[in-house]
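Colleague: What follows is a predicted structure for the sequence shown.
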Amino acid sequence: MSRKGVPNKMTKWETHILPHLSDIKDWLLEGATDKEICDRLDISHDTWYRYMKEHEILSELVSMGKSVMDSQVEKALFKLAIGYEYEEIKTIVEEDKNGKKRTRIEKIKRHQPANATALSFWLRNRQPEKWNERKEIILDTKDNEQARKKLFLEMIQDDIVEAEYSEVDEGAKDYEDNILDAPQEDEYTD
């Protein structure tokens, strides 16, 4: 009984997660996502993340499980990037002249060459400053901005601001624009 006299209701932590900690570990090692785990446990994402914050055992389990998988993927990516040797095993069943079957195992050493895409991915992510195709250029415009401010302040402090200008009669300008924009007729001389 709870303090208020209402029977204690079991939480989803006790019913859905705690009994399945071993399963959760296995699912993480298989590469399951948080969404897939929530679906398997029949809980919402909010509940999952809340229990991750509230229960250190779950948080540590998830962190370690994901870390193991990340490490395995990194090793596989590196291996693919640099190439590797492997053995291929074939089982061959042969029949002799008398109809008797014999089994022979054949081992063949093979070489998997380096994968250019894996190499590129590895380098761009491990050394982005050197290998990333997109370069970030940072221009320091602070000096330019300071010079512009200084020039502006000097201009407004002077009694006379020198500027080039010319007066234009608006009526004459409209007339000139209309004349210049009108289609020209060819002049013929007789």
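Modeller: Cool, got the structure.

Colleague: ok, now how distant is the residue most central in space within the chain from residue 118?
Modeller: In the chain, the C-alpha closest to the average C-alpha coordinate belongs to residue 125, at a distance of 10.4 Å (Cα atoms, centre = their mean). Per Cβ to Cβ, to the nearest Å, residue 125 is found 11 Å from residue 118. No exception for glycine: its C-beta is placed from N, CA and C like everyone else's.

Colleague: Could you do residue 84 as well?
Modeller: To residue 118, residue 84 is 11 Å away according to Cβ to Cβ.

Colleague: Show me which of the two is the more surrounded one.
Modeller: Set residue 84 next to residue 118 and count neighbours by other Cβ atoms under 10 Å: residue 118 wins out with 17 against 14.

Colleague: Report whether the expected contact of that one with residue 83 is present.
Modeller: No. Residue 118 is not in contact with residue 83 according to Cβ atoms under 8 Å; the separation is 9.6 Å.

Colleague: What pLDDT is listed against the spatially closest residue to residue 54 that is not a sequence neighbour?
Modeller: Using Cβ to Cβ, 6 or more residues apart in numbering and skipping residues adjacent in sequence, the residue nearest residue 54 is residue 13, 7.6 Å away. At residue 13, the model reports a pLDDT of 92.
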